[in-house]
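S.K.: Okay, predicted coordinates and the sequence, questions at the end:
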There are 2 protein chains.
Amino acid sequence: MKETRLGDFEETLLLLVGILDMEAYAFKIAEEFESQTTRATSIGAVHSTLNRLSEKGFLTSEMGASTAARGGRRKRIYTITASGQRTLEASRDFKVSLWNQFPAFAGAKLNFNV
Amino acid sequence: MKETRLGDFEETLLLLVGILDMEAYAFKIAEEFESQTTRATSIGAVHSTLNRLSEKGFLTSEMGASTAARGGRRKRIYTITASGQRTLEASRDFKVSLWNQFPAFAGAKLNFNV
DNA sequence: CTCATTTCCTACTAAAAAGTAGAACATATT
DNA sequence: AATATGTTCTACTTTTTAGTAGGAAATGAG
């Protein structure tokens, strides 16, 4: 069982997929990324990262139905796998645990019903 | 102002420095890392990462006084800089914000007095 | 004095993550 | 038919992060 780790950008995209749910397709994800951060991205970077996440088994995807709207290549909708979700949770739990031990962050109350 | 980002391992070490406080020297940090995770490290990896964090301006360090204990090279004590702390906070806030938007994590209660 | 012990340090390599460039496809509008 | 629009896709390069190997300093104990 190889330890597979997540990069910064990867983790954010994975979370965005979870947030966007049925709207999680590359273009939208890129837009959402830019709107939630101050960082710029490129659609290419998003695509290659989504690929990497899929290879790691954290995402699956399938082509959506074609819409009636103008402009029309079909969207590929991404979904988090169980493994992706577990990784996200582990990452969260670990971070929360460290934050709670860091006195400078002590003011924050982090209560999880895990 | 170049955007300086943190890797996974870097962020963990930075947090460990904050947690260990006056005890934050490379050897101890490496031990603490191993005790808080299931991952193994090497002292060399820790050293080179601490160096990188220092170059990025997230850490400073100075040699501590020599102790009376057996074995004796003096310890280099690391301290988080204001910039390091801000980066850590920004990273935390961003992550918490995403988690809160992710329905699968909705059960968690994250209250910050930020 | 010599050895074991605790620690630091750096140059280098390897691996992984991020980003770029450029092509292409499907549909609607004109 | 031509063009604009919204979107996917991949091979490749660059940059960054992580890890390795090997050396060395300082001190106490024997």
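M.R.: Arrived safely.
S.K.: Now do the contacts for the spatially most central residue of chain A.
M.R.: Taking C-alpha atoms, centre = their mean, the centroid of chain A lies closest to A:L14, which sits 1.4 Å from it. Residues near A:L14 by C-beta atoms under 8 Å, 6 or more residues apart in numbering or on different chains: A:6, A:53, A:58-59, A:80, A:84, A:87-88. Yep, even glycine has a C-beta here, placed from its N, CA and C like the rest.
S.K.: repeat for A:L98
M.R.: B:12, B:15-16, B:19, B:36.
S.K.: Next: A:I29.
M.R.: A:I29 touches A:13, A:16-17, A:20, A:46, A:50, A:78, counting by C-beta under 8 Å, 6+ apart.
S.K.: Go through the helix or strand in which it is found and flag the buried ones.
M.R.: Applying DSSP states H and E as the criterion places A:I29 in helix A:26-36. Going by neighbour count (16 or more other C-beta atoms under 10 Å in any protein chain shown), the buried part of helix A:26-36 is A:26, A:28-30, A:32-33, A:36.
S.K.: can you tell me if the helix or strand harbouring A:R92 touches DNA strand C.
M.R.: Per DSSP H and E: A:R92 is located in helix A:82-101. No - against DNA strand C, helix A:82-101 shows no contacts by C-beta under 7 Å from any atom of the strand, the least distance being 11.0 Å.
S.K.: Buried ones in that helix, by neighbour count?
M.R.: Buried residues in helix A:82-101 (16+ other C-beta under 10 Å): A:84-85, A:87-89, A:91-92, A:95-96, A:98-99, A:101.
S.K.: which one of those residues is nearest B:T41?
M.R.: Within those, the smallest distance to B:T41 is 15.4 Å, found for A:L98 (C-beta to C-beta).
S.K.: Give me the distance between that closest one and B:Q36.
M.R.: According to C-beta to C-beta, to the nearest Å, A:L98 and B:Q36 sit 7 Å apart.
S.K.: what angle separates the helix holding A:I29 from helix B:82-101?
M.R.: On the basis of axes from the mean of the first three to the mean of the last three C-alpha atoms, to 10 degrees, helix A:26-36 is oriented at 130 degrees to helix B:82-101.
S.K.: what's the distance between helix A:26-36 and the middle of its chain?
M.R.: A distance of 11 Å separates the centroid of the chain from that of helix A:26-36, by C-alpha atoms, centre = their mean, to the nearest Å.
S.K.: Averaged pLDDT, stretch A:19-39. What do you get?
M.R.: Taken as a whole, stretch A:19-39 has a mean pLDDT of 96.
S.K.: now do stretch A:80-89
M.R.: Here the average pLDDT along stretch A:80-89 is 98.
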